[in-house]
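A.B. asks: got a predicted structure here, sequence first:
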Amino acid sequence: MYPTSDVVVIGGGIIGSAAAFFLANNPDFDGKVTVIEKDNSYQSSSTTLSAASIRQQFSTPENIKISQFGIEFLRNVGDILALDKINQTESVPDIGLQEKGYLLLASSNGEDILRNNNIVQREHGADINLLTPTQLGDRFPWMNCTDLSLGSLGNTGEGWFDAYSLLQLFRAKNKELGVDYIYDEVIDLKSDCKSVNAVVLKKGSSISGRYFINAAGPQAASVASMAKVPLPVESRKRCVFVFHCRDEIHNCPLVVDNSGVYFRPEGENFICGVSPDAKNDPLSYDYDIDYNLFDETIWPILAHRVPAFESIKQINAWAGHYAYNLLDQNVILGTHPEIDNLYFANGFSGHGLQQAPAVGRALSELIVHSKYRSLDLSIFGFDRIMKNTPVKELNII
Ligand SMILES: Cc1cc2nc3c(=O)[nH]c(=O)nc-3n(C[C@H](O)[C@H](O)[C@H](O)COP(=O)(O)OP(=O)(O)OC[C@H]3O[C@@H](n4cnc5c(N)ncnc54)[C@H](O)[C@@H]3O)c2cc1C
């Protein structure tokens, strides 16, 4: 006899933990949720290695609405994920949300894209302003605006937070709600032609279930292959560099330079990074830091954009992995057309952390009600992969 769970979640990072929370907290669901996580230190998970930022500045209405729910969730996370057993003397859970905005910069080449995106964003209630180079210079006197045509700044609803704290809050709340976390690796799925029946674990046991969620992050394709599903999601390395600047840079948002380099404050320091162009972005599983990327690509761009960054000191760095969706860099969400009880939530590329609340809620609705109730996310369904019809999100970072 295998132990049984109503829902088995494969991967206990932010997506698996958010899905477990929205299921366990759903008044219409009274089943058992089990999360299988192979590494309870989470030291290699995308969640803990992320830049942990949230933006409203997408071009796809569904991505904007996902972030609107995301920011509301983050603003209220202390109440939503508070433990019932917490007493008055203990502090309210905090994820250090800093709502300081994203600033996307464009030269003349990218100006139209920012303007068109702004129309969509404002139509969908995102609080985003366009700024001319003069306005940018007035607002951010530390920035070199000479080669810029436009900036797009989130007034509210954008910023950054502590990803590890958010994950820990989800896990603690989930355990209180009765979710089991099992620290083991899923090495196989038992299935018949239309359904998955059980997960096989490395330490020798199996767990059967009614529904399964693939929340394995950059390893999602390996889990999908256990059900003989080709999933176009690859592990792609991204390096993040921490640097210190002697000068004060006041009122700094998360800046995405027109070159693609981004930087933002992190405590008294800054973090920065850049995604490589598609031709130089191989499948990668290692965590080696590419220091040349900082020296040869990022630093010159930082120093050009912010003259005070000419004399910065790079003090730390790490590498993590995107679960890179080869078709369109957006989430693949829901079941595969040929397997009715294996739910996918994979391929977020660089924006999965901020999407976890809305995607967790969406998975819970799909499992409990067999359809989306709050926000229709069917454009992210698996059938677009089979039909080769990408979701054309213009703001991929
Ligand atoms: C450098 C970097 C910067 C980023 N910046 C941002 C950002 O600013 N904003 C944003 O929204 N997103 C950002 N992202 C993306 C974001 O971090 C991810 O999209 C998100 O964390 C994905 O969460 P996940 O739960 O799917 O994956 P993960 O956090 O990787 O969790 C998956 C878990 O599954 C486990 N697992 C895998 N296979 C198995 C198995 N067979 N059995 C059991 N367990 C298994 C893993 O151990 C892992 O803990 C960034 C990512 C990186 C790498």
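C.D. replies: Right, received. Where do you want to start? Numbers count the residues shown, from 1 in each chain.
A.B. asks: show the end-to-end separation of stretch 280-292, please.
C.D. replies: Start and end residues of stretch 280-292 are separated by 14 Å (CA to CA, to the nearest Å).
A.B. asks: check which residues of it are buried.
C.D. replies: For stretch 280-292, burial by neighbour count (16 or more other CB atoms under 10 Å) applies to 284, 289, 290. Just so you know, the C-beta spots here come from the backbone N, C-alpha and C atoms, and that holds for glycine as well.
A.B. asks: list just the nearest of the residues you listed to residue 49.
C.D. replies: residue 289 (11.5 Å; CB to CB).
A.B. asks: got the phi/psi numbers for the closest residue to residue 236 other than its chain neighbours?
C.D. replies: Sequence neighbours aside, residue 324 is the residue nearest to residue 236 in space, at 4.1 Å (criterion: CB to CB, 6 or more residues apart in numbering). Dihedral angles of residue 324 (phi, psi; degrees, to the nearest 10) stand at phi -90, psi 120.
A.B. asks: so which residues on the chain come close to the ligand?
C.D. replies: 10-16, 36-39, 42, 45-47, 49-53, 185-186, 215-219, 223, 238, 240, 320-323, 348, 350-354 (CB under 6 Å from any ligand atom).
A.B. asks: follow-up on the earlier one: right, and the residue nearest to residue 236 touches residue 348 too?
C.D. replies: No - judged on CB atoms under 8 Å, residue 324 makes no contact with residue 348 at a distance of 9.1 Å.
A.B. asks: which of the two has more residues huddled nearby?
C.D. replies: Here residue 324 and residue 348 are compared on neighbour count by other CB atoms under 10 Å; more neighbours surround residue 348, at 28 against 23.
A.B. asks: next up, phi/psi of the more buried one, please.
C.D. replies: Residue torsions, per degrees, to the nearest 10, at residue 348 are phi -70, psi -20.
A.B. asks: contacts only, for it.
C.D. replies: Shown in contact with residue 348 (CB atoms under 8 Å, 6 or more residues apart in numbering): 15, 322, 323, 325, 330, 331, 355.
A.B. asks: for residue 167, same thing?
C.D. replies: 13, 14, 17, 42, 47, 48.
A.B. asks: and it, what's its pLDDT?
C.D. replies: Residue 167 is assigned 98 on the pLDDT scale.
A.B. asks: type out the ChimeraX command that picks the buried ones from the residues of the chain next to the ligand.
C.D. replies: Applied in ChimeraX, the following selects the buried portion of the residues of the chain next to the ligand according to 16+ other CB under 10 Å:
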select :10,11,12,13,14,15,16,36,37,38,42,45,46,47,49,50,51,52,53,185,186,215,216,217,218,219,223,238,240,320,321,322,323,348,350,351,352,353,354
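A.B. asks: low-confidence ranges in the stretch 101-250 of the chain?
C.D. replies: Along the stretch 101-250 of the chain, no part satisfies pLDDT under 70.
A.B. asks: all strands of it, in order?
C.D. replies: 102-106, 128-131, 150-154, 159-160, 180-183, 186-191, 196-201, 206-214, 233-244 (DSSP state E, counting those that start in this stretch).
A.B. asks: re earlier: how close does the residue nearest to residue 236 get to residue 156?
C.D. replies: 30 Å (CB to CB, to the nearest Å).
A.B. asks: for residue 202, same thing?
C.D. replies: 45 Å.
A.B. asks: again, but for residue 268
C.D. replies: 25 Å.
A.B. asks: cool, and residue 26?
C.D. replies: From residue 26 to residue 156 the distance is 29 Å (CB to CB).
A.B. asks: run a quick neighbour tally on residue 250.
C.D. replies: By the criterion of other CB under 10 Å, residue 250 has 8 neighbours.
A.B. asks: now for the residue of the stretch 151-300 of the chain found nearest the ligand: which residues touch it?
C.D. replies: Proximity of the stretch 151-300 of the chain to the ligand (CB to the nearest ligand atom) peaks at residue 217, 2.5 Å away. Residues in contact with residue 217 (CB under 8 Å, 6+ apart) are 11, 13, 15, 45, 46, 47, 321, 323, 346, 352.
A.B. asks: and with 6 Å instead?
C.D. replies: 11, 13, 46, 323 (CB atoms under 6 Å, 6 or more residues apart in numbering).
A.B. asks: try residue 227
C.D. replies: 189, 191, 196, 339, 342.
A.B. asks: I'd assumed residue 197 was in contact with residue 190.
C.D. replies: Yes - at 4.8 Å, residue 190 counts as touching residue 197 under the criterion of CB atoms under 6 Å.
A.B. asks: can you list the neighbours in contact with stretch 265-285?
C.D. replies: Against stretch 265-285 from outside (CB under 6 Å, 6+ apart): 234-237, 240-244, 252, 260-261, 263, 298.
A.B. asks: could you do stretch 326-333 as well?
C.D. replies: Under CB under 6 Å, 6+ apart, the answer for stretch 326-333 is 232, 344-349, 377, 380, 382, 385, 390-391, 393, 396.
A.B. asks: quick one: the strands in the stretch 251-397 of the chain?
C.D. replies: Under DSSP E, counting those that start in this stretch, the stretch 251-397 of the chain gives strands at 254-256, 262-266, 269-273, 313-325, 332-336, 339-346, 348-349.
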